[in-house]
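K.L.:
Following is a predicted model, sequence given first.
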Amino acid sequence: MAKIPDHKASDFDPDVLRLFDQYVHGAIDRRGFLIGAARFAVGAAGAAGLLAALNPQFAAAQEVAPDDARLDAKYIEFASPQGYGTGRGYLVKPAKMRKPLPVVLVAHENRGLNPHIEDIARRLALANFIAFAPDALFPLGGYPGEEDAARALFGKLDQAKTREDFIAAAGMLRKIDGGNGCLGVVGFCYGGSIANLLATRLPDLEAAVPFYGSAPALEDVAKIKAELLVVLADNDERVNAGWPAYESALKAAGTTYAMLRPAGTQHGFNNNTTPRYDADGAKRAWQQTLALFERRLRSGGRRRPRKE
């Protein structure tokens, strides 16, 4: 069973959490975080301790072991002619498949395919989906195994090509052996913005669940055919600032959507490797995610009438 992080978000001053959010998203570097956090700790060593406490603890938080006998997991490559040429990701299926299963693309945060996102893919496979998590960092050598190095690499990506890699991955997954052709996507942070993007680019996408991801271009919202579950954190000024305009565009387009914003949560609250994890909020969000995928993907993709 996964270990709950030793610290909670409430253990940290809100300004420290804001500094950490800026650090995670590249607005400041490690040195900038340490300087800013020093006033909340005793010296540089104390600030470094705050950073260590906030950083992911992958091994302790793992819910499904990589060698779980109930699963068939492997890394595969796929063609991406409009992107970097070739992509790679983590494919997980139930070991005993009796019929074609729905397929779900898992879009990672801005650090590439780290152990937490692989664990998310395995959780989906245990729920009887075929899950595929691409690694955007594959063209640069792949996830390097360390979060600071991963963030640095991420800044070197050509984002136009990376977006095309995710689109190519979705196309590959929809046609994969053993799948029923019904595609959903779930993404977190940067991956949430990818989930929103895919909803505007893929007319055959059935369901999308962006967790605290930036909204897509508003002029593209009318292209969305998928049903959306938009998951926001309660305390997330950067992402939430874009929600009112996004929601207005969704309403104007008649898109079927729901929004979940669990009280008291921080950006990244579904990630059980860090203190920002909120067990209650994560449970609600995951239950609603699976419910949407069950309803829209398991039935063979029969669409409900769009809202007028």
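P.N.:
Structure's in. What do you need?

K.L.:
Please count neighbours and contacts with C-alpha atoms only from this point.
P.N.:
OK.

K.L.:
What's the local residue count around D158?
P.N.:
11 (other CA atoms under 10 Å).

K.L.:
Could you pick out the longest helix of this protein?
P.N.:
helix 279-297 (DSSP state H).

K.L.:
And the helices in the chain?
P.N.:
Under DSSP H, the chain gives helices at 14-24, 30-37, 43-54, 58-61, 115-126, 147-154, 159-174, 190-201, 237-240, 243-253, 279-297.

K.L.:
Could you look over these and pick the most buried one?
P.N.:
Most buried of the helices of the chain by mean neighbour count (mean count of other CA atoms under 10 Å) is helix 190-201; its value is a mean of 25.

K.L.:
model confidence over that one, on average?
P.N.:
When pLDDT is averaged over helix 190-201, the result is 98.

K.L.:
Tell me how far that helix lies from the chain's centre.
P.N.:
10 Å (CA atoms, centre = their mean, to the nearest Å).

K.L.:
May I have it exported as PDB, CA atoms only?
P.N.:
The C-alpha trace of helix 190-201 is given here as PDB (Å, rounded to 0.1, in the frame of the first residue of the first chain):
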ATOM      1  CA  TYR A 190       1.400  20.400 -18.200                       C
ATOM      2  CA  GLY A 191      -0.400  17.200 -19.100                       C
ATOM      3  CA  GLY A 192      -3.700  18.800 -18.200                       C
ATOM      4  CA  SER A 193      -3.000  21.500 -20.800                       C
ATOM      5  CA  ILE A 194      -2.200  18.600 -23.300                       C
ATOM      6  CA  ALA A 195      -5.500  17.000 -22.400                       C
ATOM      7  CA  ASN A 196      -7.300  20.300 -23.200                       C
ATOM      8  CA  LEU A 197      -5.300  20.600 -26.400                       C
ATOM      9  CA  LEU A 198      -6.100  17.100 -27.600                       C
ATOM     10  CA  ALA A 199      -9.800  17.800 -26.900                       C
ATOM     11  CA  THR A 200      -9.600  20.600 -29.500                       C
ATOM     12  CA  ARG A 201      -7.500  18.600 -32.000                       C
END
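
K.L.:
which residues sit against it?
P.N.:
Under the criterion CA atoms under 8 Å, 6 or more residues apart in numbering, residues 106-110, 163, 166-167, 185-187, 205, 207-216, 220-226 lie in contact with helix 190-201.
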